[in-house]
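Enquirer: Sequence and predicted structure below; questions after.
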Amino acid sequence: MAGTALQLGLNSQLPPFSLLSNQHRSSPLTTTSSSLSVKLFTSKRLHNHKPKAVLSTEKRTEGREEGRDGEKYDAIVIGSGIGGLVAATQLAAKGARVLVLEKYVIPGGSSGYYVRDGFKFDVGSSVMFGFSDKGNLNLITQALAAVGHKMEVIPDPSTVHFHLPKQLSVRVHREYDDFISELISKFPHEKQGILQFYGDCWKIFNSLNAMELKSLEEPLYLFGQFFKKPLECLTLAYYLPQNAGTIARKYIKDPELLSFIDAECFIVSTVNALQTPMINASMVLCDRHFGGINYPVGGVGGIAEALANGLVNMGSEMQYKANVTSIILENRKAVGVRLSNGKELFARKVISNATRWDTFGKLLKAEELPEEEKNFQKSYVKAPSFLSVHMGVKASVLPPDTDCHHFVLEDSWDNLEKSYGSIFLSIPTVLDPSLAPEGHHIFHIFTTSGIEDWEGLGRKDYEQKKETVANEIIQRLENKLFPGLKSSIVLKEVGTPKTHRRFLARDNGTYGPMPRGTPKGLLAMPFNTTAIDGLYCVGDSCFPGQGVIAVAFSGVMCAHRVAADIGLEKNSPVLDAALLRLLGWLRSMA
Ligand SMILES: NC(=O)c1ccc[n+]([C@@H]2O[C@H](COP(=O)([O-])OP(=O)(O)OC[C@H]3O[C@@H](n4cnc5c(N)ncnc54)[C@H](O)[C@@H]3O)[C@@H](O)[C@H]2O)c1
Ligand SMILES: CC(C)=CCC/C(C)=C/C=C/C(C)=C/C=C/C(C)=C/C=C/C=C(C)/C=C/C=C(C)/C=C/C=C(\C)CCC=C(C)C
């Protein structure tokens, strides 16, 4: 879900930096100009890091164009969400010179943080997949390693504790066998079906895990993988157009168990299993047991900070408070960007980490919407945003052995996908007590909510409504799990979809794309290239969709495709054209 910090900006007249605590202000960020060209600290480890050049220096600089503003960028990245940062750092590690422009004052977007009264809150992301030290799918660990960084993490013994209708309670243990035994104990008559469904997930996960992950839009790599790992590639190709709900129905009949699978999918995709691509479902349903969920010591915001620091240490640049208002086109080719202060910056390639709706609807609003984007908008709508409540509470309110993450749906399965129907709760201080003052915990509560509920209200009504809706959610948690919750609150901040729209620059504050109907798995999801020459997209409105690890993969893919296009990786223009046409055709079949 997207950020919340943020709503303080709505409540107060303070300038954006006052959103950060003193603790943060004295952090290694040193502002050097009003547009906040930021010089970040140099860790010894990063100092020694040598970018891994793929081709020789001569080859790398050959054909490099100079920006017209005296700058020499291979790529400009709009936005420093994890998608944008991974694209930028991967490109820098291949030898490219990159400039990242971020509208806000710190990096991370939905994976940022803020500090208030000694509590350090994750803005959004809090369940970290891809953060282990094994396999090929630990994309967050790998992204950090590419900039010479490794974060200390705390293993979470369970991914989530489900509290569902009819008192169904399921804990997703880190150990796969423990989870499966618990689920079978609740549905003994479906033992076979459970083993078959999750077994199919493992088939897909193991295929993904066997592959080197790069751009599926780059033919030399893609054909190479088919040659090296034919079985795995065919498995993935087979499941690519399928959804988890259809596969589950092949093996499972019990409607309550199918609803449980819906909830498993909903917490990561905000849609039911019938609309969740099987590859994405498998990725999360298995990685949580393979690598496990791991929380970074000091909070999720540390990931983006480390990536941004690493980028600067490799000779590239980050600028904060740099609000891109348009993408500059010349002869239908993206050549640079214009900022809200009128400044223009140029590069060989432009990568947008804004959502596709923002990229094409705002940054390119004067242009006619390309056919491919029309098709994307036909297949996908903006998922609703969130109402989020960040709270500091007295530690005494937590029963012993409380899990870190909870999902609550009280009375009826029918409410699963309704606004405010279900409640997500993370208590990161269960894993890392340093995030809160002694004797306290953090409650990060969120529930789906559409922007239409929050528009057209006067200031007083808006504030009143925030209070009312947040209190109802808190009351529900008090009734279900934490007696005495209300009276234990020492700090409370409520963010709405408007908050997320304002601070994360996401159209309607959306969580990301959501299929309009039943999708053909991942088939219709666009990759990174766009109909505009020189313009690429990265982030959750690109393949494979929402999620920190998903956008990290989109960053890896994007960097590979851009690197091939600027001569930092091998490429073949003839095969490129053929593959891009083939992929376009496949998408049109979805
Ligand atoms: N695991 C979890 O618990 C969890 C929770 C919340 C979010 N998430 C995931 O995080 C993902 C989001 O990652 P992302 O990389 O796609 O994007 P993001 O929304 O996190 O970041 C986009 C960044 O671009 C910046 N930006 C946008 N427009 C700009 C402009 N015109 N000029 C300058 N900067 C601009 C924003 O300020 C923001 O920092 C979501 O998919 C979501 O699923 C996960
Ligand atoms: C190209 C063609 C046509 C074909 C070929 C075939 C092949 C080779 C294929 C391949 C493929 C691939 C490689 C793929 C990949 C994929 C991936 C990597 C994916 C991933 C995904 C991920 C995801 C989706 C994730 C997500 C996550 C999330 C969203 C999370 C969230 C969370 C939350 C919200 C939290 C909750 C909380 C509570 C409960 C409290």
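Expert: Now that the structure is in, tell me what you want to look at. Ligands and ions are numbered 1, 2, ... in the order given.

Enquirer: burial count for the closest residue to residue 420 other than its chain neighbours?
Expert: Spatially, and ignoring its direct neighbours in sequence, residue 420 is nearest to residue 447 (5.0 Å; Cβ to Cβ, 6 or more residues apart in numbering). Where you see a C-beta, it was placed from the backbone N, CA and C, and this is true even at glycine. Neighbourhood size, residue 447 [other Cβ atoms under 10 Å]: 24.

Enquirer: Helix, strand, or coil at residue 447?
Expert: strand (DSSP: H, G, I helix; E, B strand; the rest coil).

Enquirer: Surely it is in contact with residue 472?
Expert: No - applying Cβ atoms under 8 Å as the test, residue 447 and residue 472 come out as separate, 9.8 Å apart.

Enquirer: Need the overlap of contacts for those two.
Expert: Taking Cβ atoms under 8 Å, 6 or more residues apart in numbering as the contact rule, residue 447 and residue 472 both touch residue 420.

Enquirer: show me the contacts for residue 226.
Expert: Residues in contact with residue 226 (Cβ under 8 Å, 6+ apart) are residue 233.

Enquirer: rerun that using 10 Å as the cut-off
Expert: Contacts for residue 226 (Cβ atoms under 10 Å, 6 or more residues apart in numbering) come out as 232-234, 237.

Enquirer: Out of those, which are close to ligand 2?
Expert: Among those, the residues lying close to ligand 2 (Cβ under 6 Å from any ligand atom) are 233, 237.

Enquirer: Can you select the buried ones from the contacts of residue 226 in PyMOL?
Expert: With 16 or more other Cβ atoms under 10 Å as the criterion, this PyMOL line picks the buried residues out of the contacts of residue 226:
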select buried, resi 232+233
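
Enquirer: Throw the contacts of residue 226 into CSV and include pLDDT and secondary structure, thanks.
Expert: As requested, the contacts of residue 226 are exported to CSV (pLDDT from 0 to 100; DSSP: H, G, I helix; E, B strand; the rest coil):
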residue, pLDDT, secondary structure
232, 98, helix
233, 97, helix
234, 97, helix
237, 96, helix
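
Enquirer: quick one, helices of the stretch 201-350 of the chain?
Expert: Along the stretch 201-350 of the chain, counting by DSSP state H, counting those that start in this stretch, helices occupy 219-228, 230-239, 244-251, 255-269, 278-287, 301-313.

Enquirer: Mind picking the two most distant members of the contacts of residue 226?
Expert: Between any two of these, the greatest separation by Cβ to Cβ is 9.7 Å, found for 232 and 237.

Enquirer: all strands in the stretch 301-450 of the chain, in order from the N-terminus.
Expert: In the stretch 301-450 of the chain, the strands defined using DSSP state E, counting those that start in this stretch lie at 317-319, 324-330, 333-339, 344-352, 380-382, 385-394, 405-408, 423-426, 440-449.

Enquirer: between the ones you listed, which gets nearest to ligand 1?
Expert: Closest approach to ligand 1 among the strands of the stretch 301-450 of the chain (Cβ to the nearest ligand atom): strand 324-330, 3.6 Å.

Enquirer: quick one on the thing from earlier: quick check: neighbours shared by residue 232 and residue 237?
Expert: 207, 226.

Enquirer: residues touching residue 335, list them.
Expert: Neighbours of residue 335 in contact, by Cβ under 10 Å, 6+ apart: 65, 67-68, 76, 327-329, 344-350, 533-535.

Enquirer: Leaving out sequence neighbours, find the closest residue to residue 257.
Expert: Leaving aside its sequence neighbours, residue 257 sits nearest to residue 187 (Cβ to Cβ, 6+ apart; 4.9 Å).

Enquirer: Low-confidence bits of the stretch 51-200 of the chain, can you list those?
Expert: Residue ranges of the stretch 51-200 of the chain with pLDDT under 70: 51-71.

Enquirer: Repeat the analysis, applying 80 as the threshold.
Expert: Within the stretch 51-200 of the chain, the ranges that satisfy pLDDT under 80 run 51-72, 125.

Enquirer: residue in it nearest to ligand 2?
Expert: Nearest to ligand 2, among the residues of the stretch 51-200 of the chain, is residue 127, at 3.9 Å (Cβ to the nearest ligand atom).

Enquirer: helix, strand or coil for that residue?
Expert: Under three-state DSSP, residue 127 comes out as coil.

Enquirer: repeat for residue 143
Expert: helix.

Enquirer: quick one, what contacts residue 296?
Expert: 122, 128, 131, 140, 144, 151-154, 302-303, 306, 428, 431-432.

Enquirer: Quick check: phi and psi at residue 150.
Expert: Dihedral angles of residue 150 (phi, psi; degrees, to the nearest 10) stand at phi -140, psi 130.

Enquirer: give me the number of residues near the residue lying closest to it once chain neighbours are set aside?
Expert: Of all residues not flanking residue 150 in the chain, residue 144 sits nearest, at 6.2 Å (Cβ to Cβ, 6+ apart). Residues contacting residue 144 under the criterion other Cβ under 10 Å number 22.

Enquirer: Now do residue 144 against residue 470, distance only.
Expert: Noted for residue 144: a distance of 35 Å to residue 470, by Cβ to Cβ, to the nearest Å.

Enquirer: Of the strands of the stretch 301-450 of the chain, which is nearest residue 417?
Expert: strand 440-449 (7.8 Å).

Enquirer: and the next element down the chain from the closest one?
Expert: Using DSSP states H and E, the helix or strand that directly follows strand 440-449 along the chain is helix 459-480.

Enquirer: Show me what that next one is packed up against.
Expert: On a contact count with 3 or more Cβ pairs under 10 Å, 6 or more residues apart in numbering; DSSP states H and E, helix 459-480 meets helix 7-11, strand 385-394, strand 405-408, strand 423-426, strand 440-449, strand 489-495, helix 497-504.

Enquirer: what comes up buried for the fourth one?
Expert: Put plainly, it is strand 423-426. For strand 423-426, burial by neighbour count (16+ other Cβ under 10 Å) applies to 423-426.

Enquirer: May I see these arranged in JSON lines, with distance to ligand 2 as well?
Expert: Converted to JSON lines, these look like this (distance: Cβ to the nearest ligand atom, whole Å):
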{"residue": "423", "distance to ligand 2": "9"}
{"residue": "424", "distance to ligand 2": "4"}
{"residue": "425", "distance to ligand 2": "5"}
{"residue": "426", "distance to ligand 2": "5"}
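
Enquirer: what's the closest of the residues you listed to residue 394?
Expert: Nearest to residue 394 among those, with distances taken as Cβ to Cβ, is residue 425, at 16.2 Å.

Enquirer: Residue 499 reaches residue 505, doesn't it?
Expert: No - Residue 499 lies out of contact with residue 505 (Cβ atoms under 10 Å); the separation is 11.9 Å.

Enquirer: Have a look at those two and say which one is more surrounded.
Expert: residue 499 (28 against 22).

Enquirer: Against ligand 1, how distant is the more buried one?
Expert: In this view, residue 499 and ligand 1 are 13 Å apart by Cβ to the nearest ligand atom, to the nearest Å.

Enquirer: So which residues on the stretch 401-550 of the chain come close to ligand 1?
Expert: 504-506, 512, 539-540, 546-548.

Enquirer: If we use 5 Å, what do you get?
Expert: Taking Cβ under 5 Å from any ligand atom as the contact definition, the stretch 401-550 of the chain meets ligand 1 at 504-505, 512, 539-540, 546-548.

Enquirer: what do you get for the chain?
Expert: Residues of the chain lying near ligand 1 (Cβ under 5 Å from any ligand atom): 1, 79, 81-83, 103-104, 109-110, 124-127, 323-324, 353-354, 504-505, 512, 539-540, 546-548, 551.

Enquirer: What values do phi and psi take at residue 270?
Expert: The phi/psi pair for residue 270 (degrees, to the nearest 10) reads phi 60, psi 20.

Enquirer: Can you say which of the residues of the chain next to ligand 1 are buried?
Expert: For these, buried by 16+ other Cβ under 10 Å: 1, 79, 81-83, 103-104, 109-110, 124-127, 324, 353-354, 504-505, 512, 539-540, 546-548, 551.

Enquirer: Work out the gap between stretch 537-551 and the centre of the chain.
Expert: Distance of stretch 537-551 from the chain centroid (Cα atoms, centre = their mean, to the nearest Å) equals 6 Å.
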